[in-house]
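Visitor: Predicted coordinates and the sequence they were generated for:
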Amino acid sequence: MAIKEPTVWIVRDFLRCSGCRRCEIVCSLRHEGKIWPEASRIRIFSLVPGVEVPHLCSQCDDYPCVKACPMNALSINTRTGAVMVDKEACNGCGSCIKACPGNVPFLHPGDGKATICDLCDGDPQCAKVCQEAKFDALWTVVERPGASRKLFARTPESYTADLAHNLYGEKAEEVV
């Protein structure tokens, strides 16, 4: 399961996210052929007004979702580091969701199969549109394995609490 080549990763700057949802739109257009944010592999959570959290796969170093799949429907793209879903093998049991520290995978609203960011085969469109808009909340980097990306594998509620505290102070954490 070790990745030997450089991997692609989407860096996130949560404080720069405007909540425009351009990333959700371009993701659903690329993968679904239509604007369908519910099927987007990146989701923007706004659990507290003014705090937007782009939420997507962190490609954890140990890939707990891949290990948890009883159907062996998940694998790792060794070129990009993305988790790939074999829709034919997936039975929609949700084991990958439970194993993910960030609850990132979700069951597709159309077919009920696991859905995870595939990094657009190494050219993440979400980061491109964020950069084009000059928001700079998302951008793509190519890195060598070894840096821990699991630090970003957290739930939207956890990120929101930290961001709200950062922006609004102690009382904001009670809202989440």
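Guide: Yep, that arrived.

Visitor: which residues of this structure fall in helices?
Guide: 22-32, 64-68, 95-99, 125-132, 156-168 (DSSP state H).

Visitor: Do you know the pLDDT at the residue sitting nearest the centre point of the chain?
Guide: Ranked by distance to the mean C-alpha position of the chain (CA atoms, centre = their mean), the top residue is residue 56 at 0.9 Å. As predicted, residue 56 sits at a pLDDT of 96.

Visitor: Now do the contacts for it.
Guide: For residue 56, the contact set (CB atoms under 8 Å, 6 or more residues apart in numbering) comprises 10, 12, 41, 42, 43, 104, 117, 126. Yep, even glycine has a C-beta here, placed from its N, CA and C like the rest.

Visitor: which residues does residue 86 contact?
Guide: Residue 86 makes contacts with 72, 73, 74, 75, as judged by CB under 8 Å, 6+ apart.

Visitor: Repeat that for residue 17.
Guide: By CB under 8 Å, 6+ apart, the residues touching residue 17 are 44, 52, 53, 54, 135, 137.

Visitor: quick one: which of the residues you listed has the most company?
Guide: Of all those, the most densely surrounded is residue 54 (26 neighbours; neighbours counted as other CB atoms under 10 Å).

Visitor: Okay, and the beta partners of that one?
Guide: Beta bridges link residue 54 to residue 44 when assigned by DSSP bridges.

Visitor: So it sits against residue 13, correct?
Guide: No: using CB atoms under 8 Å, residue 54 is not in contact with residue 13, being 9.2 Å away.

Visitor: Now the common contact residues for the two.
Guide: Listed contacts common to residue 54 and residue 13 are 137, 138; contacts here mean CB under 8 Å, 6+ apart.

Visitor: still on that earlier bit, give me the buried entries from the contacts of residue 86.
Guide: Those of the contacts of residue 86 that meet the buried threshold are 73, 74, 75, by 16 or more other CB atoms under 10 Å.

Visitor: So in terms of bridging, what pairs with the last one?
Guide: Read that as residue 75. The residues that residue 75 bridges to, once DSSP bridges is applied, are residue 84.

Visitor: Done for today, thanks.
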